[in-house]
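Asker: pasting the structure only:
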């Protein structure tokens, strides 16, 4: 029996191996392997891997299903064969010229990193129609810098300027000599001189000479700054001199209407100041950050000992519309649709102010059922390209702070109640460097009114969950908030490895509480303003994510995401307002559930709501997603989500967070997704299936695979952009 199994597996492996070369033409060979072997065990071959110009297809446990799929199309001579090939992954055909290019690239890299005298040879082994390439690397000798001799011009203040920068040099005694290190120092030092008035100063004025004849593994280095550039004759030498800013002109199209004071605030250059490349770059960044401009060009022209500056501006599209759509449906037939339409104008007051007017809807319904939930909101905001109320001289860097003044009105209609909310906020947004952004709201307020409350709903909720009933009352929310976001990739559809961290916090009611003695008290003992109790709470949220890239051309990715949040009501409030509570499920969260259909904890769904509205004061969640290419612009995804929401102190059984019952209270799902990646925008459809449902009775929470696709156990989601 054992021999038959082994024979069967061997035959299967042979068929698989042969099938992956079916699409090859005569004289073509499948590149099966490329590896690097070195004579130095301490040398990491990973730094040479990027110089392999031709890498084989990616295999998992010796198998590549997409390559096998491609081979089913044969040689692509029929329309069906070509169609099948589009579903798979084309084989990497061995190219001897690319092997030679790889050898040259590795040798150049070794030389530039200080491994002098290194040699790389390639060996090609052919087995049938498969090729195995091995690169044998003989790592050369390295030299440590024992002394550095500087030869610097002594005229003017040039030598003095150089000596002031000497502590910042990247060349140190004892470090290994390499072309990369020398080039890095020349680039850095030349950039420094361009901030000290030396316009046009480049690394081509630097010359290095290393003496390694002692044979002791050490090198004596001479660094010289010349008066003539590399490739020029000594006769063309001219003393390096400092320049100041001359005339400054700002040109723009006639149809671009913008106040002169705004342009002067953006421009950091002034006639007579010492030329400084940092100020040039800062001015460029400040102009480029204004949304109404599509292009900025700064031309510098030397005239004597001055440099004239011409700043040329190009206007972009000033106004237009944006749309977005999210949708979901679960196995019970509950549909959810969230359309959004917004209008923008990027120069509404002729000072770079951005006006946004938005209309958003959120509709949930069941065909043939009276259950529904309708929410419509209209919002408007104006973004000013400065920090209103703060002196301009506090913000002179390349990133301009912005002030957002916003207001919105929303109306929600459910069978149980109707609700309106008026919101307004003043926020400062900006950046610290290219990766860290912030938003600080010194004032944010919500006025929430509930009316037409169904009496049966109110009585039932008061009996079953009096704790959450406090969230469904009129309230006034006045406080502060802020968000800090760090990311290594700001693009809308990232294509490289990246990670991010987001921190958010809200604090409400503390300033208002200072005036408690002047406020009337309602029947519940709460202080009120205009007969409406104000909310008092603290709320925090943390998110972090990391995306790894791997495989052929880094087209595969593994995305990880965690989220934790909690809010606590105190003082004048018994619970968090509805709009500040957490929920789980939906297109961006636990995708085995629709939004607001899981939690809190192991508690059952509240029967008082015709459309689910499960909320809690605390949330924990973790997500993992494997992303891979399919064909054309289609991508696939395999994901899993774990998490839930909880109350911090609730009278409902299982709703309160407890470390003892924490594992049983976690929901878990997995699913598949398809995405259309259009580079600037990504459209996705995800299907999630519950694996562990905390709302089920104890002992029945793990869902058997045979029940994954049964009623009330899966959900479809439509969205724009990656979920995390």
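Answerer: Okay, I see it. This is a predicted model, so every value here is computed, not measured.

Asker: Quick check: buried residues in stretch 395-407?
Answerer: Across stretch 395-407, burial judged by 16 or more other Cβ atoms under 10 Å covers 397, 398, 399, 400, 401, 402, 403, 404, 405, 406. Using the backbone N, CA and C atoms, a C-beta is placed for each residue, glycine as well.

Asker: try stretch 158-175
Answerer: Across stretch 158-175, burial judged by 16+ other Cβ under 10 Å covers 158, 161, 162, 171.

Asker: ok now do residue 325, which residues does it touch?
Answerer: Applying Cβ atoms under 8 Å, 6 or more residues apart in numbering to residue 325 gives the contacts 337, 338, 339, 340, 718, 720.

Asker: Now do the phi/psi pair for the closest residue to residue 130 other than its chain neighbours.
Answerer: Leaving out its chain neighbours, the residue that sits closest to residue 130 by Cβ to Cβ, 6 or more residues apart in numbering is residue 32, at 4.3 Å. Main-chain dihedrals, residue 32, degrees, to the nearest 10: phi -90, psi -30.

Asker: Surely residue 32 touches residue 54?
Answerer: No. Residue 32 is beyond contact range of residue 54, at 11.8 Å (criterion: Cβ atoms under 8 Å).

Asker: more neighbours, those two?
Answerer: The neighbour comparison of residue 32 against residue 54 (other Cβ atoms under 10 Å) goes to residue 32, with 22 against 17.

Asker: Can you show me the strands along the stretch 601-724 of the chain?
Answerer: 618-629, 634-646, 667-677, 682-692, 714-720 (DSSP state E, counting those that start in this stretch).

Asker: Can I get those in CSV including mean pLDDT and mean neighbour count?
Answerer: Formatted as CSV, these follow (pLDDT from 0 to 100; neighbours: other Cβ atoms under 10 Å):
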stretch, mean pLDDT, mean neighbour count
strand 618-629, 96, 19
strand 634-646, 96, 21
strand 667-677, 95, 19
strand 682-692, 94, 21
strand 714-720, 88, 21
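
Asker: out of the buried residues of stretch 395-407, which are inside strands?
Answerer: Counting by DSSP state E, the part of the buried residues of stretch 395-407 found in strands is 402, 403, 404, 405, 406.

Asker: Now for the residues you listed: which two are most distant?
Answerer: 402 and 406 (12.0 Å; Cβ to Cβ).

Asker: still on that earlier bit, now go through the buried residues of stretch 158-175 and say which are in helices.
Answerer: When the buried residues of stretch 158-175 are checked against helices (DSSP state H), the matches are 158, 161, 162.

Asker: Export the residues you listed as CSV, with columns for distance to residue 380 and pLDDT.
Answerer: Output for these, formatted as CSV (distance: Cβ to Cβ, whole Å; pLDDT from 0 to 100):
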residue, distance to residue 380, pLDDT
158, 57, 96
161, 53, 96
162, 56, 97
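
Asker: Show me which of the residues you listed is closest to residue 274.
Answerer: Closest approach to residue 274 among these (Cβ to Cβ): residue 161, at 11.4 Å.

Asker: what's near enough to touch that closest one?
Answerer: Counting by Cβ under 8 Å, 6+ apart, residue 161 makes contact with 193, 196.

Asker: go with 6 Å
Answerer: Contacts for residue 161 were tallied using Cβ atoms under 6 Å, 6 or more residues apart in numbering; they are residue 196.

Asker: ok, so what distance separates it from residue 189?
Answerer: Using Cβ to Cβ, to the nearest Å, we find residue 161 at a distance of 10 Å from residue 189.

Asker: and what of residue 512?
Answerer: Residue 512 is 57 Å from residue 189, by Cβ to Cβ.

Asker: the more surrounded of these two?
Answerer: residue 189 (23 against 20).

Asker: Where does that one sit: helix, strand or coil?
Answerer: Assigned with DSSP: H, G, I helix; E, B strand; the rest coil, residue 189 falls in the helix class.

Asker: and if you look at residue 186?
Answerer: What three-state DSSP gives for residue 186 is helix.

Asker: Tell me who's in contact with it.
Answerer: 203, 206.

Asker: Next: the one 10 residues further on.
Answerer: When contacts are counted by Cβ under 6 Å, 6+ apart, residue 196 is found next to residue 161.

Asker: re earlier: closest one of the buried residues of stretch 158-175 to residue 352?
Answerer: Of all the buried residues of stretch 158-175, residue 352 sits closest to residue 161, with 37.5 Å by Cβ to Cβ.

Asker: could you measure that closest one against residue 346, distance?
Answerer: Per Cβ to Cβ, residue 161 is found 42 Å from residue 346.

Asker: just residue 253 next, same as before
Answerer: Distance of residue 253 to residue 346, computed by Cβ to Cβ: 14 Å.

Asker: Looking at those two, which is more packed in?
Answerer: Using other Cβ under 10 Å as the criterion, residue 253 and residue 346 rank with residue 346 on top: 20 against 10.

Asker: helix/strand/coil for the nearest residue to residue 609 once chain neighbours are set aside?
Answerer: Nearest non-adjacent residue to residue 609, counting by Cβ to Cβ, 6+ apart: residue 416, 6.3 Å away. Classification of residue 416 by three-state DSSP places it in coil.

Asker: ditto for residue 490
Answerer: With three-state DSSP as the basis, the three-state label of residue 490 is coil.

Asker: Now it. Its backbone dihedrals?
Answerer: Note on residue 490: backbone dihedrals following degrees, to the nearest 10 are phi -100, psi 0.

Asker: Look at it and report its pLDDT.
Answerer: Per-residue pLDDT puts residue 490 at 85.

Asker: Give me the buried positions along stretch 419-436.
Answerer: Those would be 419, 421, 423, 425, 426, 427, 428, 429, 430, 431, for stretch 419-436 by 16+ other Cβ under 10 Å.

Asker: Just the local confidence number for residue 215, please.
Answerer: For residue 215, the model assigns a pLDDT of 81.

Asker: Where is pLDDT lowest across the buried residues of stretch 395-407?
Answerer: Out of the buried residues of stretch 395-407, that is residue 397, at 77.

Asker: Relative to residue 430, how far out is it?
Answerer: Residue 397 sits 9 Å away from residue 430, going by Cβ to Cβ.

Asker: cool, and residue 268?
Answerer: From residue 268 over to residue 430 the distance is 16 Å, taken as Cβ to Cβ.

Asker: go on, residue 512?
Answerer: Taking Cβ to Cβ, one finds residue 512 at 27 Å from residue 430.

Asker: Look up the pLDDT of the nearest residue to residue 707 once chain neighbours are set aside for me, please.
Answerer: Once flanking residues are discounted, residue 707 sits nearest to residue 713: 6.1 Å by Cβ to Cβ, 6+ apart. At residue 713, the pLDDT value in this model is 87.

Asker: count of residues packed around residue 713?
Answerer: Residue 713 is flanked by 20 other residues according to other Cβ under 10 Å.

Asker: you'd agree it is up against residue 690?
Answerer: Yes. Between residue 713 and residue 690 there is a contact under Cβ atoms under 6 Å: 5.0 Å.

Asker: Count residues in the vicinity of the residue nearest to residue 570 when sequence neighbours are not counted, would you?
Answerer: Nearest non-adjacent residue to residue 570, counting by Cβ to Cβ, 6+ apart: residue 536, 6.0 Å away. Counted with other Cβ under 10 Å, the neighbours of residue 536 add up to 24.

Asker: any chance you could map the helices in the stretch 51-200 of the chain?
Answerer: Ranges of helices within the stretch 51-200 of the chain are 65-71, 79-87, 96-112, 158-165, 179-194, based on DSSP state H, counting those that start in this stretch.

Asker: Need these in TSV (columns: distance to residue 456).
Answerer: TSV is the format used below for the helices of the stretch 51-200 of the chain (distance: least, Cβ to Cβ, whole Å):
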stretch	distance to residue 456
helix 65-71	56
helix 79-87	56
helix 96-112	75
helix 158-165	78
helix 179-194	73
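
Asker: what's the most buried one of the ones you listed?
Answerer: Across those, averaging neighbours per residue (mean count of other Cβ atoms under 10 Å) puts helix 65-71 on top, at a mean of 19.
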